[in-house]
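Trainee: The sequence and its predicted three-dimensional model are supplied below.
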Amino acid sequence: MRLALRKAREATGWSQGVVADRTGWSLSKVQRIEAGDVSVSGTDLRALLDLYGISDPEEIDLLLEEARISRRQRWWAGREYREHLTPAYSQLLQFEAEATAIRFYQPVLVPGILQVRSYAEFLISWFDKSLSDEDRRVRLDVRLQRRANVLDVEEGPQLLLILDESALKREIGGVRVMAEQLEDLAEVARRPQVNVRIVPLQEGAILGVIGSFQVLDLSDDPGDAVLYRERHIRDSLDHDRAEVQFHRSTFEDLWRLSLNEEKTIRAIEAEALSLRTRADRL
């Protein structure tokens, strides 16, 4: 629905500011509607459709039904969970549930959606001074449920993950925790909808400075995508097409420089075996 509204506005040649002026709404309201930050009432939707000259009864009925569903379909966590999450992260969870493909680049860690409990617990415990006990508890629960909601559902999104080779060498939580995480990662990487590649150390050094990010495709339309970035305890969700395309192109550049999936799985398994052997001697 948000994509249809954005396309309808662009077809008129109007900016979001012009739409705000013509409807008497604030600019931020128009921006939030097109970004998917808020649900849209039937009255507001009809006002926009009338403004854009959309009169086809079937199209109007379809959009009204989608508006009704979007108001009901607000992510699986209750309000008591959401108050401990950032607005960007809460919206990310909704987009992940609807995405057709998700591209991850992570130069430092295994991304949250693929973390096992012991690995996630260690990382979240590190924020003991910046997050409350309840914040950390909720974020752990959400992280594990997020993994299940994306990985363990039928017809889930295609996951494409690029890891810097250094992420395999960094012993998060100690030898046993890291061995468990890499063993699980190798197993997940064999799933049909998951593709994992490693950027060799000599290739990833320059492009790695861009930092971790996700690009989520929300439909078959290349323009219907969002960018998520996370830094320490701050994060952001970006709908700007230029930013999304820049990071998508960066991802594709790294993908071409990476080891293929077969070689990547062998590298992950080799590192996991080395760690497990060390753990057995402790």
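Mentor: Sure, I can see it. Numbering: from 1, shown residues only.

Trainee: What's the local residue count around Leu273?
Mentor: When neighbours are defined as other Cβ atoms under 10 Å, Leu273 has 14 of them. C-beta here means a position set from N, CA and C on the backbone, and glycine is covered the same way.

Trainee: Number of residues surrounding Arg6?
Mentor: There are 18 residues near Arg6, going by other Cβ under 10 Å.

Trainee: Double-check it against Ala35; I have them as touching.
Mentor: No. Counting by Cβ atoms under 8 Å, Arg6 sits too far from Ala35 to count as a contact (9.1 Å).

Trainee: per-domain residue ranges of this structure.
Mentor: For the chain, the structural domains run 2-72, 79-280, going by automatic domain parsing.

Trainee: Of the ones you listed, which shows the lowest average pLDDT?
Mentor: Comparing mean pLDDT across those, the weakest is domain 2-72, with a mean of 83.

Trainee: Tell me which of the domains of the chain sits most buried.
Mentor: domain 79-280 (a mean of 17; mean count of other Cβ atoms under 10 Å).

Trainee: now that one: how far from the chain's centre is it?
Mentor: Distance of domain 79-280 from the chain centroid (Cα atoms, centre = their mean, to the nearest Å) equals 9 Å.

Trainee: Likewise for stretch 1-9?
Mentor: That offset, for stretch 1-9, works out to 22 Å (Cα atoms, centre = their mean).

Trainee: Kindly report the same for stretch 15-23.
Mentor: Centroid separation for stretch 15-23 versus its chain: 30 Å, with Cα atoms, centre = their mean.

Trainee: so where do the helices sit in the stretch 1-150 of the chain?
Mentor: Secondary structure of the stretch 1-150 of the chain, counting by DSSP state H, counting those that start in this stretch: helices at 2-12, 16-23, 27-35, 42-51, 57-72, 79-82, 87-98, 117-125, 133-151.

Trainee: Adding distance to Leu185, write those out as TSV.
Mentor: Shown next, in TSV, are the helices of the stretch 1-150 of the chain (distance: least, Cβ to Cβ, whole Å):
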stretch	distance to Leu185
helix 2-12	33
helix 16-23	42
helix 27-35	33
helix 42-51	43
helix 57-72	34
helix 79-82	26
helix 87-98	18
helix 117-125	10
helix 133-151	12
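
Trainee: Out of those helices, which is closest to Ile172?
Mentor: Each of these has some distance to Ile172 by Cβ to Cβ; the shortest is helix 117-125, at 5.9 Å.

Trainee: Can you tell me what sits against that closest one?
Mentor: 109-110, 112, 115, 131, 136, 139-140, 143-144, 172-173, 176-178, 180-181 (Cβ atoms under 8 Å, 6 or more residues apart in numbering).

Trainee: contact partners of stretch 248-260?
Mentor: 103, 105, 160, 162, 197-200, 203-204, 207, 210, 215, 225, 264, 267.

Trainee: now, among those residues, which is nearest to Trp25?
Mentor: Ala225 (25.6 Å).

Trainee: Let me see the contact set for Arg229.
Mentor: Applying Cβ under 8 Å, 6+ apart, the residues contacting Arg229 are Gly211, Ser212, Phe213, Gln214, Asp235, Ser236, Asp238.

Trainee: Got phi/psi on the second one?
Mentor: Torsion angles at Ser212 (phi, psi; degrees, to the nearest 10) stand at phi -70, psi 150.

Trainee: what does the third one give?
Mentor: Summarising the backbone geometry of Phe213 under the convention degrees, to the nearest 10, its torsions are phi -160, psi 160.

Trainee: next one: the fifth one
Mentor: Backbone torsions for Asp235, taken as degrees, to the nearest 10, come to phi -150, psi 170.

Trainee: That one pairs with what?
Mentor: For Asp235, the beta-bridge partners under DSSP bridges are Glu230.

Trainee: Hmm, it is touching Gln214, no?
Mentor: No. Using Cβ under 8 Å, Asp235 makes no contact with Gln214, being 10.3 Å away.

Trainee: Need the overlap of contacts for those two.
Mentor: Leu92, Tyr228, Arg229.

Trainee: Great, nothing more from me.
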